[in-house]
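Trainee: The following comprises the amino acid sequence and a computationally predicted model.
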Amino acid sequence: MKTLRLTDTTLRDGSHAMRHQFTRQQVRSIAQALDRAGVPVIEVTHGDGLGGASLQYGFSHTPELELIAEARSVCERARIAALLLPGIGTRKELKAAAERGVQVIRIATQCTEADISEQHFGLTKELGLEAVGFLMMAHMRPPEVLAEQARLMESYGADCVYIVDSAGALLPDGAYARVKALKEALTIQVGFHAHNNLGLAIGNTLAALEAGVDQIDGSLRGLGAGAGNAATEVIAAVLDKMGQNPGLNVFALMDAAEYIVAPIAPYQPLPDRDALTIGYAGVYSTFLLHARRAGELYHLDPRSILVELGRRQAVAGQEDWILDVALDLARRSQDKPVPQT
Ligand SMILES: CC[C@H](O)CC(=O)C(=O)O
Ligand SMILES: [Mn+2]
């Protein structure tokens, strides 16, 4: 039986929910707990990947390279992964991350733009690292288009390509069909990364498993953008009940979620009305907090901003659209004629 590989992204996708304020001590405790619980890969980076700390995406409390080194120093078995979005992260950050002990680079592009990742895969392989492709906003394209894009990443040297449900907008049949299409098109491994905006993160992960997925993502307590990710401790318990536990200590993960992550999380990600709107309208999960802020600023319901962003098909990197949309909606509401009585 092949072994399913779990990557925990509490210290990367969870960074969105933490507004990128992880401290060294928090990273050490979380990484050590995950390592001891048998999680084989731990992703540590600014939420928007290497080089993400900026005015646009939010500055980090502690530089991500230092956090990577902290995580590396406490792990005895787990490999450390870092996310990189071409254009945000450059060759310089990629090399620096490798020097701090990163062994897996996950290269993320919009699901129709795999062609911008060739150089980054090239350098990752040159440095002797494992290279994983991330096709983001995968609900926006049908399985056959994703398979073509994944084939490009395979030709650049990817060891695995992920279907990334960035908006948490997929239903189980959509997750199944997309993973299946990649399994049929590629000779390398296939992964699935879920968001819980429609409350389907675990259900979709199980659909991906049914389609033959090789790698999946989780985060403790689901800490992540939007309504968060598939919770690592829940994945572990479910896989265990299915007789498919790949070596995860279920109780140790429950403890890490409860006693290490819950006390430091600023809120518990869940499909509340704004996050649910993200899944419903098919919007990038990281837009949640930005849309809430814009809503407060312009006295708008964040849901109206999110629905309009979905209509305009906004994708990663278009965070500046959020304020534009809010301004348009605020202006439009002022233009409305006052009802005559
Ligand atoms: C900014 C990168 C993004 O958060 C990657 C990811 O996890 C996703 O698209 O879901
Ligand atoms: Mn994500």
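Mentor: Arrived safely. Every value quoted in this text rests on a predicted model; they were computed, and no experiment measured them. Ligands and ions are numbered 1, 2, ... in the order given.
Trainee: Residue of the stretch 101-250 of the chain nearest ligand 1, please.
Mentor: residue 166 (3.2 Å; C-beta to the nearest ligand atom). Glycine gets a C-beta too; all of them are placed from N, C-alpha and C.
Trainee: wait, residue 314 sits on residue 321?
Mentor: Yes - with contacts defined as C-beta atoms under 8 Å, residue 314 counts as touching residue 321 at a distance of 4.9 Å.
Trainee: all strands for the stretch 201-341 of the chain, in order.
Mentor: Taking DSSP state E, counting those that start in this stretch as the criterion, the stretch 201-341 of the chain contains strands spanning 215-218.
Trainee: How about the contacts made by the nearest residue to residue 231 once chain neighbours are set aside?
Mentor: Counting by C-beta to C-beta, 6 or more residues apart in numbering, residue 222 is the residue found nearest to residue 231 once chain neighbours are left out, at 4.2 Å. The neighbourhood of residue 222, defined by C-beta atoms under 8 Å, 6 or more residues apart in numbering, consists of 196, 201, 228, 229, 230, 231, 234, 268, 269, 270.
Trainee: Distance check, the first one against residue 217.
Mentor: Just to be clear, that refers to residue 196. Residue 196 sits 12 Å away from residue 217 when distances are taken as C-beta to C-beta, to the nearest Å.
Trainee: go on, residue 243?
Mentor: Remark: distance between residue 243 and residue 217 (C-beta to C-beta) = 21 Å.
Trainee: Run through the neighbouring helices and strands of the helix ranked longest in the chain.
Mentor: For the chain, the helix that runs over the most residues, judged by DSSP state H, is helix 320-335. For helix 320-335, the contact count by 3 or more C-beta pairs under 8 Å, 6 or more residues apart in numbering; DSSP states H and E identifies helix 287-298, helix 302-311 as packing neighbours.
Trainee: mind checking which of those helices is nearest ligand 1?
Mentor: With respect to ligand 1, and counting by C-beta to the nearest ligand atom, the nearest of these is helix 287-298 at 10.4 Å.
Trainee: Ligand 1 contacts on the stretch 201-341 of the chain?
Mentor: With C-beta under 6 Å from any ligand atom as the criterion, the stretch 201-341 of the chain comes near ligand 1 at residues 225, 285, 286, 316.
Trainee: More neighbours: residue 314 and residue 321, which one.
Mentor: More neighbours sit around residue 314 than around the other of residue 314 and residue 321, counting by other C-beta atoms under 10 Å; the figures are 22 against 18.
Trainee: who's in contact with that one?
Mentor: Counting by C-beta under 8 Å, 6+ apart, residue 314 makes contact with 283, 284, 287, 321, 322.
Trainee: In contact with the spatially closest residue to residue 315 that is not a sequence neighbour: list those residues for me.
Mentor: Computed as C-beta to C-beta, 6+ apart, the closest residue to residue 315 that is not its neighbour in sequence is residue 110, at 5.0 Å. Going by C-beta under 8 Å, 6+ apart, residue 110 touches 136, 137, 315, 316, 317.
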